[in-house]
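Novice: This is a predicted model, with the sequence first.
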Amino acid sequence: MPERIPPHSAGKPAEPGHRANAVSASASATDGYSAVRPSVARRYDFDAPTDRTGTDSLKFDRHVERGKRPDLLSLWVADMDFPCPDEAVEALVKRARHGIFGYSEPGSAYYQAVCDWMERHHRWRPDPAWFVHTPGVVSALALIVQAFTHPGDAVLVQQPVYYPFGSSIRNNGRHLVNCPLVYDAEAARYHIDFDAFERAVTQHNVKLFLLCNPHNPGGRAWSADELRRLGTICLRHGVIVASDEIHMDFAYSPCVHVPYASLGDEFAQQAIVCTSGGKTFNLAGLQTSNTIVPNPRLRRTLRAQVARSGYSQPNSLGIVATQACYRHGDEWLAQLKRYLAGNLQLVRDHFANHAPAARVMIPDSTYLVWIDLRAWGRYGADLERLVEEDAGLWLDCGDMFGEDGDGFVRINMATQRAYLQQALQQLTDALAAHPPTDRQA
Ligand SMILES: Cc1ncc(COP(=O)(O)O)c(C=O)c1O
């Protein structure tokens, strides 16, 4: 196995919290917390080393507690190894210096920042009155399941899919109905079987559909046509659509994100759109999400469930950071996406050159790459052993996303390129030591 580089570093690791990519900025007092605005067009350096150890990072500080070898390179959980925009850090520092962290509630500047962003980036302007505050999208999904279904009711998902979809259904005693995505192995791309979808809805009397838009782990940014076809079936059978759009901002040109509720009013009236700045700006630990419910009846029902859960005001620092990012994060995100596109090219080239029997699913969106390793004939715990023991990596293996994902691995490419390169090398070295079975070689 090649010599390991330290986490996130092509060279010397930075101090925890070191902002190697910070550049000068000038103050602006246009709103309460967004204290800094760029004086010049800045260039963010996403190659700059960051060291996340010592920050209680799930990805970098909890290997042993989670039963992993401490030296595994970590590219599993979906957060990024990059600092969020400087404006958010400045706003948080200013707020933290105030020193009082009493109960907070978002004000008009918050809603303006979020709604402006949605309109600028996704041609969809939600009304601030539609917002229900939730402490994360996974929490929102569980609350939605509780609010709109009864124990034993059928909730539909399309596996392989982000694993909390399944747990939010099962943990609440509901019946999970899976209508798997159709995998086109030649194109390495997922599609939807609309007839099978409608059959599943009617056969199981489905009440709620959890849609992953864009799709994690496959990266599909569903087209308006695909969404409309799904939505039409749901409207026909009275199925509420909860659309998890947390990865909405990562669509790579020419792909675009289509917010489900932007399809038209009849679709919006039967929909709940789950959003957050958590993925876009790397704020997951601030536990702040916006659940958008255009229909007043559905909104009342969801708010009542949120109240029953005991949750009330959002995290005060989450409000500050979310507002600052949505207000000032456009250029940062544009540069980040260019960097991620470079990382994706690296992943494609690396597998093409070193493990051509692997099929890399090119994401329309998200910073997650889903790789079909079934040519190697390693599944379940056996694949996990290859990834951990032979390759020295901590990745999400495909069976976590449902049995339809078995034999795949998910790589989180939102990391410094040198670190990604090292991880890819370790993986393809391990694969080379176990040549593919002749089924697909
Ligand atoms: C599709 C999807 N939804 C939700 C989440 C998590 O959201 P939150 O941290 O807001 O609970 C993730 C994180 O990976 C995700 O990929």
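Specialist: Nice, thanks for sending it over.
Novice: Any figure for the gap between L302 and the ligand?
Specialist: Remark: distance between L302 and the ligand (CB to the nearest ligand atom, to the nearest Å) = 16 Å. C-beta coordinates here come from the backbone N, C-alpha and C atoms, glycine included.
Novice: Can you give me the neighbour number for that residue?
Specialist: A count of nearby residues for L302, using other CB atoms under 10 Å, gives 23.
Novice: ditto for the one 3 residues further on
Specialist: A count of neighbours around Q305, defined by other CB under 10 Å, yields 18.
Novice: what's the closest non-adjacent residue to it?
Specialist: A147 (3.7 Å; CB to CB, 6 or more residues apart in numbering).
Novice: which residues of the stretch 251-400 of the chain fall in helices?
Specialist: Secondary structure of the stretch 251-400 of the chain, counting by DSSP state H, counting those that start in this stretch: helices at 265-268, 296-309, 316-328, 330-354, 380-385.
Novice: can you pull the buried residues of stretch 361-376?
Specialist: Across stretch 361-376, burial judged by 16 or more other CB atoms under 10 Å covers 361-376.
Novice: sorry, that was for stretch 400-408
Specialist: Neighbour counts over stretch 400-408 (16+ other CB under 10 Å) mark 400-402, 404-408 as buried.
Novice: re earlier: my guess is the residue nearest to Q305 meets S309, correct?
Specialist: No. Applying CB atoms under 8 Å as the test, A147 and S309 come out as separate, 9.7 Å apart.
Novice: quick one, which of these two is more surrounded?
Specialist: The neighbour count for A147 versus S309, taken as other CB under 10 Å, is higher for A147 (22 against 15).
Novice: State the distance from that one to P180.
Specialist: Applying CB to CB, to the nearest Å, the value for A147 to P180 is 26 Å.
Novice: ok, and which of the helices of the stretch 251-400 of the chain has the densest surroundings?
Specialist: Among these, the stretch with the highest mean neighbour count (mean count of other CB atoms under 10 Å) is helix 316-328, at a mean of 25.
Novice: show me where pLDDT drops low in the protein?
Specialist: For the chain, the stretches with pLDDT under 70 are 1-40, 438-441.
Novice: Quick check, A142 in contact with N172.
Specialist: Yes. In this structure, A142 is within contact of N172 by CB under 8 Å, at 6.6 Å.
Novice: okay, these two: which has more neighbours?
Specialist: A142 (20 against 16).
Novice: any idea which element that one lies in?
Specialist: Secondary-structure element containing A142, defined by DSSP states H and E: helix 137-148.
Novice: What is the distance between the helix or strand just after that helix and the centre of its chain?
Specialist: Note on helix 137-148: by DSSP H and E, the next helix or strand toward the C-terminus is strand 154-157. When C-alpha coordinates are averaged (CA atoms, centre = their mean, to the nearest Å), strand 154-157 and its chain have centres 20 Å apart.
Novice: same check, this time on stretch 339-348
Specialist: 17 Å.
Novice: Outside of it itself, which residues are in contact with it?
Specialist: Contacts with stretch 339-348, where a contact means CB atoms under 8 Å, 6 or more residues apart in numbering, come from 44, 46, 250, 252, 360, 362-363, 367, 369, 411, 413-415, 417, 420-421, 424.
Novice: Enumerate the residues of the chain near the ligand.
Specialist: Within the chain, the positions near the ligand by CB under 6 Å from any ligand atom are 78, 136-138, 162, 212, 216, 244, 246, 276, 278, 284, 289.
Novice: May I ask you to confirm that V241 belongs to a helix?
Specialist: No. Judged by DSSP: H, G, I helix; E, B strand; the rest coil, V241 forms no part of a helix; its state is strand.
Novice: Go ahead and confirm it touches F209.
Specialist: Yes. At 5.1 Å, V241 counts as touching F209 under the criterion of CB under 8 Å.
Novice: who touches both of these two?
Specialist: Counting by CB under 8 Å, 6+ apart, the residues touching both V241 and F209 are 230, 234.
Novice: residues near V137, how many?
Specialist: Count around V137 with other CB under 10 Å applied: 23.
Novice: Distance check, it against D81.
Specialist: For V137 relative to D81 (CB to CB), the value is 21 Å.
Novice: again, but for H215
Specialist: Taking CB to CB, one finds H215 at 23 Å from D81.
Novice: Counting neighbours, go ahead and name the busier of those two.
Specialist: Ranked by neighbour count (other CB under 10 Å), H215 and D81 place H215 first, with 26 against 23.
Novice: and the gap between A200 and G231?
Specialist: 15 Å.
Novice: out of the two, which sits in the busier spot?
Specialist: G231 (25 against 20).
Novice: can you pull the contacts of the residue lying closest to the more buried one once chain neighbours are set aside?
Specialist: Closest residue to G231 apart from its sequence neighbours, by CB to CB, 6+ apart: F267 at 4.6 Å. F267 is in contact with 227-228, 231, 235, 241, 260-261, counting by CB under 8 Å, 6+ apart.
Novice: of these, closest to the ligand?
Specialist: Y260 (13.5 Å; CB to the nearest ligand atom).
Novice: Confirm for me that that closest one is in contact with F209.
Specialist: No. The pair Y260 / F209 is not scored as a contact, 10.3 Å apart, by CB under 8 Å.
Novice: Could I get the full set of helices for the stretch 51-200 of the chain?
Specialist: Under DSSP H, counting those that start in this stretch, the stretch 51-200 of the chain gives helices at 86-98, 108-122, 137-148, 164-170, 194-204.
Novice: Buried residues in the longest one, which are they?
Specialist: Read that as helix 108-122. 109-111, 113-115, 117-118, 121-122.
Novice: From the residues of the chain next to the ligand, which land in strands?
Specialist: 212, 244, 289 (DSSP state E).
Novice: All set now, cheers.
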